[in-house]
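Quick one, structure for this:
(one chain, ligands or ions: 1)
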Amino acid sequence: MKLDVDRDRLMSEIETLAAISDAEPPAVTRIVFTPTDLKARAWLRARCEEAGLTVRQDAIGNTFARWSGSDRAAPAVGTGSHVDAIPNAGKYDGVVGVLGGLEAIRALQRSGFRPTHSIELLVFTSEEPTRFGIGCLGSRLLSGSLSAEAAKKLSDGDGQSIEEVRSKAGLDGALDDIKLSAGYYKAFAELHIEQGPVLETQHIPLGVVTKIAAPASMRIVVEGAGGHAGGVLMPDRRDALCAAAELILAVENAAKNSGGADTVATVGICEVFPGAVNSIPSRVRLSADIRDTDLARRDGVIEAMENACNAISSSRQVTIHTELLNADAPAECAPQVVQALSDACTKHGQEFLPMISRAYHDSLFISRIAPAAMLFIPCRNGYSHRPDEYASPEDITRGVMVLAEALATLSA
Ligand SMILES: [Zn+2]
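Reported below is the predicted structural model:
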């Protein structure tokens, strides 16, 4: 089998998809189920059909493009990622795994390889939490990690329910039918940019992911007392923002002192009410994101935060409400898929690094119903979720080549 990746075609497809965007180039904004996202989906579907793949969509718009194997009844081998992009993002996050996965299939087709197990490209709906406030919506439903009941309660920032939004997008099947059976995939491998600096810094071209860190997110509301910035003297204040500031530092400390190098915690949103220069903040809304590869350690940070909330609310006479929005368990990647990816690197003479994914991905959820692992390629300076996100054509091509080799092994 001689594998040839068509680099020029793949690069031009990445550029074409990047141009289907609601942001000025080089930035990419593609929020799920906007007219732009629907246009991108239609374009992508045409590329899959052009490759002779059979395309179907489920009720939430997860898209499956299948190259049938000689044993059609056997479980499929999956690959894929997402094409939605947060506001002002880059061209490569998710896209490399989708268009790269498609090109891996085309390279296998051109090589004369014929799979026994079907090979399926899976494009997940709404990996990014931008619209519905929850990441990996498609893969959560596929894996049963989010029930159809819970999904129906989701709505976007304009108050449109998920049912309305998907019906406008032409998706009318039942959400209950999305979940895949445990035997649906024999294996799943997701190609992705690293979104961190490790591969680039260590000059290693490929990373084989052995664990995916688990995020937890919390919404925290601090209620104090407002008042005139001139009229209320300091001893009488119950300033919600000052309390929130203490809490933010407590979150940082809890992560720093978790006892593990993999613990990270971030307060990324801080909304201050009423938000006037001469008014004491009466209410602050924070959102915190806490991740680790170890569930107990991650949950230890959440506990430390809750203790800090109690201490701060009594010392500052404020009320603090916390709401745990999600707390997913980390995933161990499947040894047989890790092995197939590692062997494929070796076969192509490529050095690789066994590593941890610190960002979370659809594979985190797919790993609950299928043996899954990920293949990382470097991205410049580790930048991602910004317009200057960049992966070189050489690195992308190398990733696609190794992915194709692994798909061949797994589907033979
Ligand atoms: Zn991604």
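
gap between Pro274 and the ion?
With the distance defined as Cβ to the ion, to the nearest Å, Pro274 ends up 37 Å from the ion. C-betas here are computed from N, CA, C, even on glycine.

Please tell me how far the most centrally placed residue in the chain sits from Cys379.
The chain has His361 as the residue nearest its centroid, 3.7 Å off, counting by Cα atoms, centre = their mean. Taking Cβ to Cβ, to the nearest Å as the measure, His361 and Cys379 are separated by 14 Å.

ditto for Gly224
From Gly224 over to Cys379 the distance is 42 Å, taken as Cβ to Cβ.

do Ala245 as well
Taking Cβ to Cβ, one finds Ala245 at 33 Å from Cys379.

Mind checking which of these two has more residues around it?
Summary of the neighbour comparison: Ala245 and Cys379, criterion other Cβ atoms under 10 Å, with Cys379 having more neighbours (26 against 15).

For the helix ranked longest in the chain, which helices and strands make contact with it?
For the chain, the longest helix by residue count, based on DSSP state H, is helix 295-316. In terms of contact count using 3 or more Cβ pairs under 8 Å, 6 or more residues apart in numbering; DSSP states H and E, helix 295-316 is assigned the packing partners strand 214-223, helix 240-256, strand 283-292, strand 319-327.

Out of the ones you listed, flag the one nearest Ser161.
strand 319-327 (17.8 Å; Cβ to Cβ).

any idea which helix or strand comes after that closest one?
Using DSSP states H and E, the helix or strand that follows strand 319-327 towards the C-terminus is strand 331-332.

Parallel or antiparallel, which strands does that following strand pair with?
Using DSSP bridges, the strands paired with strand 331-332 in its sheet are strand 206-212 (antiparallel).

anything in the partner strand near the ion?
No. Applying Cβ under 5 Å from the ion, one finds that strand 206-212 is not in contact with the ion, the shortest distance being 11.9 Å.

give the contact list for the nearest residue to Ala340 once chain neighbours are set aside.
Across the structure, with Cβ to Cβ, 6 or more residues apart in numbering as the measure, the residue nearest Ala340 apart from its sequence neighbours is Ala406 (4.4 Å). Taking Cβ atoms under 8 Å, 6 or more residues apart in numbering as the criterion, Ala406 is in contact with Ala189, Val337, Ala340, Leu341, Asp343, Ala344, Leu375.

Helix, strand or coil: sort out Ala406 for me.
Reduced to three states with DSSP: H, G, I helix; E, B strand; the rest coil, the structure at Ala406 is helix.

Roughly how far does it sit from the ion?
On the measure of Cβ to the ion, Ala406 and the ion end up 19 Å apart.

circling back: phi, psi of the residue nearest to the centre of the chain?
phi -140, psi 170 (degrees, to the nearest 10).

Let me know the pLDDT of it.
If you check His361, the pLDDT there is 95.

where in the chain is pLDDT low?
In the predicted model, the chain carries no residue with pLDDT under 70.

and this protein, which of its residues are near the ion?
Counting by Cβ under 5 Å from the ion, the residues of the chain close to the ion are Asp93, Gly94.

again, only using 8 Å
On the criterion Cβ under 8 Å from the ion, the ion has as its neighbours in the chain the residues 81-82, 93-94, 97, 127-128, 192-193, 195, 359, 361-362, 384.

Can you pick out the most distant pair from these?
For the residues of the chain next to the ion, with distances taken as Cβ to Cβ, the pair at the greatest spread is Asp362 and Ser384 (15.5 Å).

re earlier: tell me the buried residues in the longest helix of the chain?
Using 16 or more other Cβ atoms under 10 Å as the test for burial, helix 295-316 gives 297-302, 304-306, 308-309, 312-313, 316.

which residues are contacting that helix?
Residues outside helix 295-316 that contact it (Cβ under 8 Å, 6+ apart): 214, 216, 218, 220, 224, 238-239, 242-243, 246-247, 250-251, 253-255, 258-260, 262-263, 265, 288, 290-292, 318-320, 322, 324, 327, 329-330.

Buried ones from those, can you make that a PyMOL selection?
Selecting in PyMOL just the buried members of the contacts of helix 295-316, where the criterion is 16+ other Cβ under 10 Å, is done with this command:
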select buried, resi 214+216+218+220+224+238+239+242+243+246+247+250+251+254+255+258+262+263+265+288+290+291+292+318+320+322+330
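
Reformat the helices and strands packed on helix 295-316 as JSON lines; add distance to Glu103.
As requested, the helices and strands packed on helix 295-316 are arranged in JSON lines below (distance: least, Cβ to Cβ, whole Å):
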{"stretch": "strand 214-223", "distance to Glu103": "30"}
{"stretch": "helix 240-256", "distance to Glu103": "39"}
{"stretch": "strand 283-292", "distance to Glu103": "31"}
{"stretch": "strand 319-327", "distance to Glu103": "33"}
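
can you tell which of these is closest to Leu154?
When the helices and strands packed on helix 295-316 are ranked by proximity to Leu154, the top entry is strand 319-327, at 11.4 Å, counting by Cβ to Cβ.

buried sites along the strand or helix carrying Glu164?
Secondary structure assigned from DSSP H and E places Glu164 in helix 162-168. Along helix 162-168, these residues count as buried under the neighbour rule (16+ other Cβ under 10 Å): Ile162, Glu163, Val165, Arg166.

Of all pairs in those residues, which one is the farthest apart?
Spanning the widest gap among those are Glu163 and Val165, at 7.4 Å by Cβ to Cβ.
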